[in-house]
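Asks: sequence and predicted structure are below.
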Amino acid sequence: MATSSERSPPPFPDSEDQDVLDTEEVRGRDSDEDEDLFGSPSTSPVTGMDTTLTSDVSMKPPSDIMNDPLIEPMSSQTENKPASEPSDDFFDLTNNVSVVAAAATKSDDFVDILGSETGAQRGEVVKADVTVEATIDKSEVTAGITDPLSQQEAKQTSTAPVIDLSGDSQPVTSKIANPLVDLFSDAPPAAEAKKPSSANVDLFDDEEGSDIFAEPLQTKPAKQLQKSLFGEPDEDVFGEPLGAISKKPVPKEQKEKSVTTKVTAGGPLQDSKPANIFSQAAASTPSVTSTVNSKSNGVHSEEEGDIFAAEATVELSLDSPRNERKKEAIAKPSAPTPTSLPAAASLTKPQPPALEELEEEEEEEEEDKFDIFVSVKDPEKIGDGMNAYMAYKVSTQTTLPMFRNKTFTVRRRFSDFLGLYEKLSEKHGPNGFIVPPPPEKSLLGMTKVKVGKEDSSSTDFVERRRGALERYLQRVVNHPSLLQDPDVREFLEREELPRAVSTQALSGAGFLKMINKATDAVSKMTIKMNESDVWFEEKLQEVESADQQFRKLHALVESLVVHRKELSLNTASFAKSAAMLGSAEDNTALSRALSQLAEVEDKMEQLHQEQAANDTFTFAEMIADYIRLLGAVRGSFDHRMKAWQRWQDAQSMLQKKRETEAKLLWANKPDKLQLAKEEIAEWWVELHRWGAGRGVGRDGRIALAAWC
Amino acid sequence: MMAFSSLRSVSVDLNHDASLLIDIPDALCERDKVKFTVHTKTTLSSFQKPDFSVPRQHEDFIWLHDTLVETEDYAGLIIPPAPPKPDFDSPREKMHKLGEGEATMTKEEYTKMKQELEAEYLAVFKKTVQVHEIFLQRLSSHPVLSKDRNFQIFLEYDQDLSVRRKNAKEMFGGFFKNMVKSADEVLISGVKEVDDFFEQEKTFLLDYYSKIKDSTAKAEKMTRAHKNIADDYIHISATLNSLAADDMTANKNLNIILSLQKVEGRVASDQDLKLTELLRYYMRDIQAAKDLLYRRARALADYENSNKALDKARLKSKDIPQAEEHQRQCLQKFDKLSESGKKELTSFKGRRVVAFRKNFIEMAELEIKHAKNSVTLLQGCIELLKSN
């Protein structure tokens, strides 16, 4: 598992090299490894297959796909290549399209065509049971090829089949096969290029040679071919677990395999996409050979790729039992990145987005890769009386391509900020992300503002809140996954937002929230989780103690501010009395000295006041922020614990069901056996669902690590 | 018990002739009693030895002051104000509180707080010694008072003076006397002033007194607030310290805050020493000057009363010489008082200006020093953080 993920980055240096290499060389390599890939799985036991698969699949696909795009658009952009190579075909596909369309509008048309393709493919899905995988491939491939916009669609289609697949599939056997199927279904996009002999080739040949998808009949046989191909390993694996009977090893192996598939899936998805971008870019800028140009292209596609990866993560995590692994696979490489860093750093050649870069980005995005800056300005009171509220100007400056404009400004009220948080925490909290919390509602402070007294405390309050909101938004957009959230984008971009109602403290929703919180607290006490992960145990304690310390520190800083304000007051009164003394003094020199002293003390008073304000805004507020953030961190711990709990439940349930099944088997009651099998399948899914909870934990770990 | 040595006088300009030099090189604190070692160096023949030291207590100083005030001959002089009773209660109380709150604090915090309190205690102690020293120095520098017999006994007698402590009746009597005095002050304030100089001085001093009292109170408050801030810094640095246990980067902040605390604490104590003490001292000094004025006014009233008595006697043609004698005595006394009072007040004014100047300069220098310290500290901090 670990090895696979660790290995996944290396292809990129390779691919770099290959960039310069001839296409033919690449092909040679491809076929070599293809043999490997296929030779080992069929002969060696499942475990062995695992490793080889992992390494090969993960190593190969990226380089392959990446090379091709690179080489193709660069060398022969509008040229139609002979269908000698599957990967070429893949590219020819694009080229074909580009031939058809004008060079400038190439990408658009491209999208269209591919969009329709997906539709066609989906139709196929319905037709052929086993070909589902193939279609998924295709849809994924297409997803890769399509524009960023249509990507999402494509992805949805791709995930949907996956779900279907798992839902449709029958008892244990097919379940076990499932990951395997998946493996292959996912692998092909990556490996398709490498399997000259497989059905995939045919598939693509078809696509290429004829007018893409014009002949569905031809593709069908191809898929059947594929099916038979996949059928072999299926049975193999199937046979093994049955013979072994032991239940546990099977899921494990499966999981491991699914990891590998995911890795590869992640690879091709990310890779094929940028490739598209690249070709797009190439279309628009004919002089691809210039390093600068292609570099910028690389950057572009990098981001795109990242977006894609992130989204895929989010969506998968909602329904796929394997998402946990996938996340791990994605996350883990971030550890070994340092080794691949130099390679990435020394990128002087035009290169499509390499996995390592993506990961590196994921790691470093906290720093400066995310070119987005959000500021909250100009608090303004709108309305009168108790219905009054403060509106803030939210200005965004960004160079990210996901936004339509470089700069834009919207007006948001405080409850909008809270609403955003609600949405985000609902969506991402259970996934183990630390969602940055906004400042709390303050009835007292707001009432003061509402009453409309223009005293210092209310302006103070508004300014404090403004700063807190700004930091909050900045934190949200600096979070790689949260930034991708449509709600965040909407919040930043859209002119009018539907009013967030559930944020009102006294509303029904607020009441509901309170009840939820209470039940959560109770369940938290009842759940006794024997922490298996030392890292988490440690972190939890760390966070707890940090929280305490920060609270203490905050109280202290507050008292410091109070004392400073006192000091400034006292200084002011002393200054006054010194001035009086000066006026009473009859010695002129001394009188002057005294009045000067008074002046100095006056200035000091101002300084003390300023310092008090600074203490509040830069120090106390920051600490308060961190206290809130620590609360969020703890929330993610809670989520993790809950997920763990459910996972445990599911596991014990599954165990029970299996026992029943065994009993039934013993009793030889086939009708009930079927029922039991179905039940087991159900719980198996459930188990995986909550097994994802561990993924939550891992995410939490990543988030925490980033946070620390 | 606590001992310390080699204190130098700070605030008051005194004694430029070397005929009688007094200092308190050593003091010992035993529970509520403070034993001062009064060291005298003299060339005057009225003393048996040129160099000697005697142990004295606070009560002895009070006795000396009281006897000087009560001496009729010195009515026209500004008697230097008696040193205030050493007040170790507040630091002691704080220490007690600290001991109680020990459980709620980290060990480090506790030791820091303790150190701080000890420093405060020492400062109070130092201040106490200093005011006593100043009292003696002022007496010794005064041309008339330095010749006082009681003063010389106070300096020379190497046994315990064993001054009888005031008993309850005397305390009450003193209180009653004060009442009478203030009532009398109000009464004789109606008496018409014959001398413009005194009239002016009186209004000035009254005004000045109220102002300086106000300023003193404010300055005291200010220094207290400053001390609070310094204390806050201690707590914050301690908390940062424990945070730093988890996170190494906070370590540097911690050090900065720690030294900031030191600077802030020093600013507070220096301000207290230089400014507040000065104001406090002059508040007392002005009180003494006011007493002088009171005595003069009293004498004036007496003189006028005797004039009236003389007139009455003349009217009745009875006891004329006696009344004349009394009137003459009163006049004499008043004149003498006026004369010496004038001299005293003028010198007082000069002295005040000089003392203020000196203290202001010292204070400004210290403030500048501290400000520079904290600036370099903060700059170092910024650089450190940037380099990380």
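Replies: Here it is on my side, so go on. Since we're looking at a predicted model, the values are computed, not measured.
Asks: what is the neighbour count of the closest residue to A:Leu560 other than its chain neighbours?
Replies: Distances taken as CB to CB, 6 or more residues apart in numbering or on different chains place B:Asp232 nearest to A:Leu560, at 4.0 Å, with adjacent residues excluded. Where C-beta positions appear, they are placed from N, C-alpha and C, glycine not excepted. Neighbour count for B:Asp232, taken as other CB atoms under 10 Å in any protein chain shown: 23.
Asks: pretty sure B:Asp232 contacts A:His563?
Replies: Yes: between B:Asp232 and A:His563 there is a contact under CB atoms under 8 Å: 5.8 Å.
Asks: helix or strand right after the host helix or strand of A:Ala468?
Replies: Assessed by DSSP states H and E, A:Ala468 sits inside helix A:456-478. Heading C-terminal from helix A:456-478, the first helix or strand you meet, by DSSP H and E, is helix A:480-484.
Asks: find the centremost residue of chain B, please.
Replies: Centroid-nearest residue in chain B: B:Tyr281, 4.0 Å away (criterion: CA atoms, centre = their mean).
Asks: that one contacts B:Val131, correct?
Replies: Yes: at 7.3 Å, B:Tyr281 counts as touching B:Val131 under the criterion of CB under 8 Å.
Asks: and B:Val54, that's in a strand?
Replies: Yes: counting by DSSP: H, G, I helix; E, B strand; the rest coil, B:Val54 is part of a strand.
Asks: OK, contacts around it?
Replies: Counting by CB atoms under 8 Å, 6 or more residues apart in numbering or on different chains, B:Val54 makes contact with B:Thr37, B:Val38, B:Thr40, B:Leu155, B:Glu156, B:Tyr157, B:Asp158.
Asks: hang on, the third one in a helix?
Replies: Spelled out, it's B:Thr40. No: going by three-state DSSP, the assignment for B:Thr40 is strand, not a helix.
Asks: contacts only, for it.
Replies: B:Thr40 neighbours (CB under 8 Å, 6+ apart): B:Leu20, B:Leu21, B:Ile22, B:Phe47, B:Asp51, B:Phe52, B:Ser53, B:Val54, B:Leu155, B:Glu156.
Asks: cutoff 6 Å now
Replies: Each residue near B:Thr40 by CB atoms under 6 Å, 6 or more residues apart in numbering or on different chains is listed here: B:Ile22, B:Phe52, B:Leu155.
Asks: look up how far B:Lys33 lies from the last one.
Replies: The gap separating B:Leu155 from B:Lys33 is 20 Å, by CB to CB, to the nearest Å.
Asks: equivalent analysis for the second one, please.
Replies: Summarising the geometry, the distance separating B:Phe52 from B:Lys33, computed by CB to CB, is 22 Å.
Asks: buried residues in stretch B:358-375, which are they?
Replies: Going by neighbour count (16 or more other CB atoms under 10 Å in any protein chain shown), the buried part of stretch B:358-375 is B:Lys358, B:Asn359, B:Phe360, B:Glu362, B:Met363, B:Leu366, B:Glu367, B:His370, B:Asn373, B:Ser374.
Asks: tell me the average confidence for it?
Replies: The predicted model gives stretch B:358-375 an average pLDDT of 78.
Asks: mind checking how far the residue of the stretch 251-388 of chain B found nearest chain A is from B:Ala27?
Replies: Per CB to the nearest CB, B:Val353 is where the stretch 251-388 of chain B lies closest to chain A, at 4.9 Å. Taking CB to CB as the measure, B:Val353 falls 30 Å from B:Ala27.
Asks: ok, now B:Phe88?
Replies: Look at B:Phe88 and B:Ala27: by CB to CB, they are 12 Å apart.
Asks: look at those two and report which has more neighbours.
Replies: It is B:Ala27, of B:Phe88 and B:Ala27, that has more neighbours when counted by other CB under 10 Å, with 24 against 18.
Asks: who does the strand or helix carrying the more buried one touch, helix- and strand-wise?
Replies: Using DSSP H and E, B:Ala27 maps to strand B:20-30. Secondary-structure packing of strand B:20-30 (3 or more CB pairs under 6 Å, 6 or more residues apart in numbering or on different chains; DSSP states H and E): strand B:2-5, strand B:33-42, helix B:107-141.
Asks: which strands border that strand, and is each parallel or antiparallel?
Replies: Sheet pairing of strand B:20-30 (DSSP bridges) gives strand B:2-5 (antiparallel), strand B:33-42 (antiparallel).
Asks: so which of those is nearest A:Asp485?
Replies: A:Asp485 sits nearest to strand B:2-5 of all the strands paired with strand B:20-30, at 66.6 Å, using CB to CB.
Asks: same question for that closest one, mean pLDDT?
Replies: If you average the pLDDT over strand B:2-5, you get 38.
Asks: which residues of the stretch 201-350 of chain B lie near chain A?
Replies: B:204, B:207-208, B:211, B:214-215, B:218-219, B:221-222, B:225-226, B:228-229, B:232, B:235-236, B:239, B:242-243, B:246 (CB under 6 Å from any CB of the partner chain).
Asks: which members of the residues you listed occur in helices, if any?
Replies: If you go by DSSP state H, these have B:204, B:207-208, B:211, B:214-215, B:218-219, B:221-222, B:225-226, B:228-229, B:232, B:235-236, B:239, B:242-243, B:246 in helices.
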